[in-house]
Structures are given as C-alpha cells and as structure tokens.
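Novice: I would like the atomic coordinates for the input below:
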Amino acid sequence: MPPRPVPCLAGLLLVCASWPSAALAQATVSALQPDKAAALLRFGSVLPEPVSVDQTIGPGDELLSTRNDAFLVFRCADSSTVTFEGSFRVAVLPAAGGVPCAVNLLAGAALVNAVSPDATVQAGEVTMASKGTLYEVRVGREGSRLARDLLVYDGQVGVTFAESQGGGGERGRAPETPTVSSGERLVIAAAGTERARIGPRDIEQAARAYARTDLTRAADLTPADRERALSDLVQGYVHVLGAPGQPTPRLELAARQVDYHVVSRATFYQLSHAERLAETTELHAVIALTAGAAYEQLGDAARARAAFGRATTIDPAVRSAPYLKNYRLPLSVSKGGATMLERETSEARESRLSTVLGISAEVTAASPARAGQPVAIRVVVRSTAGELLEGATVTIAAGGGAFAAGRQTSVSGRTDVQGVFTAEWSCQPCAPAYGLDVTVTKSGFAEWKGSVTVKIGEPRPAAAGLGR
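Specialist: A predicted model of the protein is given here:
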C-alpha cells in the first residue's frame, strides 16, 4: 500500500497538515474581483467579515469565496503570488524556513508564481520544494474522498510523502519523493499517485489566470485596452508554458509586461530564465535591452543604466542592429530607443566596464586548513543586477597543492542553477598560506577576477575574495 497522503499539498507557498512552529511572513490581498466575492474568517472567530484589497492576512485566518466567479490574488513579501479562481477555501499558516507565505488549500484551485530563488518547506506528512516555479494545485472531491492534483507549468516541484501513520499503512516503508517537472501532472488519490501530461486546455486556463494576475497591477486602462492587453498577455503565457525550454517566448512575455506597465519581479524571473537558455549574442543583447526598459519603468535608474550598458557592451551597434526586427521589444526601446539607452556615450560605457557591468562573485574557503585535509572553495556568481547566474565558467588556480578533481593545481567547471561552483583543494606538504586566483566568464558578460587566501594551521578565517 502506498504512503497515505494528507488532503493537501505543500510547496514554496503551499503547505499543509500540522502547523510548523515558525515566524509568520504575512501576505496581502492585492486583488479581488468582483467586490465582495470573498469573505474572511479571522482566527478564533466564527463570524465572516468582508475582504478588502491591501488587507493583511495572518496565521489561522481563512479566506473563502462567496460566489463561483471569485478571483483573488495573494501577494507575498518577495512578490510571489498565489491566485485563487472560482470557488475556494484556504487557511493561512505560519511560514517556515524563510518562505514568504504559506497556505493550506482546503478546496478549489491555487496558481502559484513563485519567484524566490529557492525554498523547501516541510509541514506534517507532505513536503513540496520549488525553485522559481509556475504551478497549480487543485483540491476537490471524488465521491466521499478528496482528490488532489499538482500541475507544474514551469520548473520543478519535489513532493515528499512521509511514512504512513495509521489507516492501514505499512510502517517502515521508504518515503516517496517524486519530482514533477514542466508539463507534468501528478494526480494524488487514495489508491496512490498517477502521472500524466498537462493538456492544452490546462495551459490555456493557467495562462489566462496568470495574465489576469499581471493586469491587477495595471492602472488607467480603458475596458477595451484591458481586453486587448489580457488577450496579448494570455498568448504570451501560452507560448511560455507550451515551450518552457525556449528563450524567445520568455523574452517576448517580458516585453508585453513592460508595454502594459505590469512589470514585477516575475518579469525578471522570465528574463533570467531566457538569459540562461539563450545561445546567441544577439539574443543576450535583446534580453539586456528588455531588462533595461523594465528597470526604467520601475524607476530603478542604476540597474536600468547597467542593463542598457551591458546591451551596448555585447553589441555596440545594438540600437541599429538589423536583428532587432526579429524580436518583440518593449515599445520604449523599439520606438527610437529607451531614454537611458539614447543617453549612452562611449565614455560612459568605458567607465562602467570595471564597475557596474558584468559579473559579481563571492569566493569563500574554510580556514585554517590542515595538511592533507580537503578545503571546500565555494564561488557564488551573480550578474551585477543581482540575478544568480547558471552556466558561468569558473576557473580556480592555486600556487601549490592540488584539487581533488585530477590532482592538478587548477580546476574549471560551471555554476549550477543557484549560481554556485564548489571545488575541493588540499596540500601536503604545505606552505604557511596559499593564494587561489579565481576567474569567472560567461557569454555576454565582462570577465570577473578575484582571489581567496587559505592559511594553513592558523585559527583565522580566510578572507573573502574581492573582484577586480
């Protein structure tokens, strides 16, 4: 008999079963359509009260729809969103492990746009872990039993069912830990779990919900303009969710979000993934242009300037490049160039090459080291806009000793999805100290160089490397 799941799912934003003992990260109701379409049951109260936009919801509070066309958006501290459509009931839980907000979905459907880099939550018997993921959880009934579905539209979600407790389950059985990837659906029933593929109708429904969530940020749109924007954004999401491994649909969805003034952290989630997937210089340049327009719309002048500068570093003639016509660019760029891009000068570009453009890396090593014992050298790589960079090439060269991989004085590898590269180094016999030089490169970025010192047998930590 398979492990017995509890009647809900858990994840970056969705957790279930018993409440963990942890500090709350509160969430806010950022949209509700139509008015009075949902009610709030405060913890300890049995009398429902109206829900209002910008209202903060705390642990133990419940939200429930009062009509079957309700549309409610939860916005978390990190700008992740949970969208509820139709009939639903949900309880807010204390958050755990740095998760921005946590909810127990009791009935209905919840669509998550999790923009945090990573988080893992465990609550009771079910754990789901996600890293920047678009997914949906549905809870309903099949006769007298609960039915639960997990649909992953982008990224991966790991689901863990703990060992059965009662109900005829087999004690001592190894926990089940399936990972559900883009395009997959996991159906959880009393008899066990079943995998299936997500169908076109599911993608279209999710795309519409995500587009409606985007448009809750739009202001001053006429009904006709709002309808056009909705249709355009839905198409953008359909293309992304239908081909999550392609960079261009993500880039063009971000351009749509800029055009309709609905830029959020989710926009940079799409651009970051597009950059990881991009294989051509021209695509990297267009992504940088779009990021600059998005930052400019948010009023972040420093990051906008950095992104536009990076575009001109990748291709100094980017403003007049023939390939621009092959991509959907934000109107602020395609119609003559964005304001900051137009102000670019060669002198300004040169001054930024050694400051705000390119790569930022942090290098650390445990110290003091002992002869013959390995030391972990850890490099975390980000863009200067703060995004973790996957696939960057890291080379570490030591003045002595050897790396575990190949027993050479240098080692090279690529950063993982969290921008991290780790190598083990050791020495025997050893000098009093060693300097390790670190170089980081990635297509479309300026090279980064730094260093870290490992001392042998001295009770002081190694200094973190500083780039140059």
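
Novice: only C-alpha atoms from now on, for both contacts and neighbour counts.
Specialist: Will do.

Novice: what bits of the stretch 351-468 of the chain have low per-residue confidence?
Specialist: Counting by pLDDT under 70, the stretch 351-468 of the chain has low-confidence residues at 351-358, 367, 384-386, 405-406, 444, 458-468.

Novice: rerun that using 80 as the cut-off
Specialist: Along the stretch 351-468 of the chain, segments meeting pLDDT under 80 span 351-361, 366-368, 383-387, 405-407, 443-446, 457-468.

Novice: all strands of it, in order?
Specialist: Counting by DSSP state E, counting those that start in this stretch, one finds strands in the stretch 351-468 of the chain at the ranges 359-365, 375-383, 393-398, 402-403, 410-414, 420-426, 433-441, 448-455.

Novice: which of these sits most buried?
Specialist: Among the strands of the stretch 351-468 of the chain, strand 359-365 has the highest mean neighbour count (mean count of other C-alpha atoms under 10 Å), at a mean of 23.

Novice: for L186, give me its contacts.
Specialist: With contact taken as C-alpha atoms under 8 Å, 6 or more residues apart in numbering, L186 is in contact with 149-151, 180, 193-196.

Novice: now for those residues, which pair is the farthest apart?
Specialist: L151 and T193 (13.0 Å; C-alpha to C-alpha).

Novice: out of those two, which sits in the more crowded spot?
Specialist: L151 (27 against 15; other C-alpha atoms under 10 Å).

Novice: which ones are touching that one?
Specialist: The contact partners of L151, by C-alpha under 8 Å, 6+ apart, come to 135-137, 183-186, 198.

Novice: need those in CSV (columns: distance to F268).
Specialist: Below are those laid out as CSV (distance: C-alpha to C-alpha, whole Å):
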residue, distance to F268
Y135, 18
E136, 21
V137, 24
G183, 22
E184, 24
R185, 26
L186, 28
I198, 25
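
Novice: most neighbours, which of these?
Specialist: Y135 leads the contacts of L151 on contacts (other C-alpha under 10 Å) with 28 neighbours.

Novice: how much space separates that residue from Q270?
Specialist: As judged by C-alpha to C-alpha, to the nearest Å, Y135 and Q270 stand 15 Å apart.

Novice: next, the closest residue to R217 other than its chain neighbours: secondary structure please.
Specialist: Excluding its sequence neighbours, the residue lying closest to R217 (C-alpha to C-alpha, 6 or more residues apart in numbering) is V262, at 5.3 Å. Three-state call for V262 (DSSP: H, G, I helix; E, B strand; the rest coil): coil.

Novice: confidence score at V262?
Specialist: You'll see V262 listed with a pLDDT of 93.

Novice: hmm, back to that, nearest to L251, of the contacts of L186?
Specialist: L151 (23.2 Å).

Novice: report the distance from the longest helix along the chain to the chain centre.
Specialist: Ranked by residue count, the top helix of the chain under DSSP state H comes out as helix 223-242. Centre-to-centre, helix 223-242 and its host chain are 21 Å apart (C-alpha atoms, centre = their mean, to the nearest Å).

Novice: before we move on, the earlier item: is it possible to export the strands of the stretch 351-468 of the chain to a markdown table including distance to A37?
Specialist: Output for the strands of the stretch 351-468 of the chain, formatted as a markdown table (distance: least, C-alpha to C-alpha, whole Å):
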| stretch | distance to A37 |
| --- | --- |
| strand 359-365 | 47 |
| strand 375-383 | 43 |
| strand 393-398 | 51 |
| strand 402-403 | 62 |
| strand 410-414 | 50 |
| strand 420-426 | 45 |
| strand 433-441 | 52 |
| strand 448-455 | 53 |
